[in-house]
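Student: sharing a model prediction with you, sequence too.
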Amino acid sequence: MKTKNLLSVMAFIAMLLVPSGALATGISSIYINVAKPQVGESPAWGTFWRSVGVDMSWSQWYDNKGESLSATSKFEKGKQYTFRVKVFPVEGYSITESTVPYINNNKATVVERKATGTYISGGNTVYETGYIIFEYTYYIPADLENIS
């Protein structure tokens, strides 16, 4: 009888030591939809749709020089613009090393990724749910001037 009780107590303690993210569902793909850049329009930061299992931390538009666009910036012909976003998993889900991000159904470039796990921060053990930062670059073509 004592052995059964001891095993039950040990199992309970082991469950307490396992980070909550360890039992989460791994996210295989993340889909984000945003308004594509249009000549003369200002950038939109909010997403119109995102995959189940993630929430957005922040997003930003950049010009071809890597400078942040403001709310009053206007998209121009012949230039490229990059949309970058950081998302994190909601409770019950996790970012994995194989999570593939998409922006407007285009495979995005991963800028930074941290999978769910245990990390040391400032000397303290921290259980994180992970995050992923990814981007996609759009090019607005210039008008053709001459056709020969």
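Tutor: Received the coordinates, thanks. Numbers count the residues shown, from 1 in each chain.
Student: any idea how far P43 is from I133?
Tutor: Applying C-beta to C-beta, to the nearest Å, the value for I133 to P43 is 18 Å. In short, each C-beta sits where N, CA and C put it, glycine included.
Student: err, K107, not the other one
Tutor: Look at K107 and P43: by C-beta to C-beta, they are 21 Å apart.
Student: who has more neighbours, these two?
Tutor: Per other C-beta atoms under 10 Å, whichever of K107 and P43 has more neighbours is P43, with 23 against 12.
Student: quick check: mean pLDDT across stretch 90-97?
Tutor: Summarised as a single mean, pLDDT over stretch 90-97 is 86.
Student: next, the buried residues of it.
Tutor: For stretch 90-97, a neighbour-count test (16 or more other C-beta atoms under 10 Å) marks 93-96 as buried.
Student: centre of the chain to that stretch, how far?
Tutor: 11 Å (C-alpha atoms, centre = their mean, to the nearest Å).
Student: can you list the residues that contact it?
Tutor: 20-21, 24-28, 53-55, 88-89, 113-116, 129-132 (C-beta atoms under 8 Å, 6 or more residues apart in numbering).
Student: now the element after the lowest-mean-pLDDT helix or strand in the chain, going C-ward?
Tutor: Scoring the helices and strands of the chain by mean pLDDT, DSSP states H and E places helix 2-17 at the bottom, with a mean of 47. Counting by DSSP states H and E, the next helix or strand C-terminal to helix 2-17 is strand 25-33.
Student: what sits against the spatially most central residue of the chain?
Tutor: With distances taken as C-alpha atoms, centre = their mean, the residue of the chain nearest its centroid is V87 (3.1 Å). V87 makes contacts with 30, 32, 50, 54-57, 101, 131-132, as judged by C-beta under 8 Å, 6+ apart.
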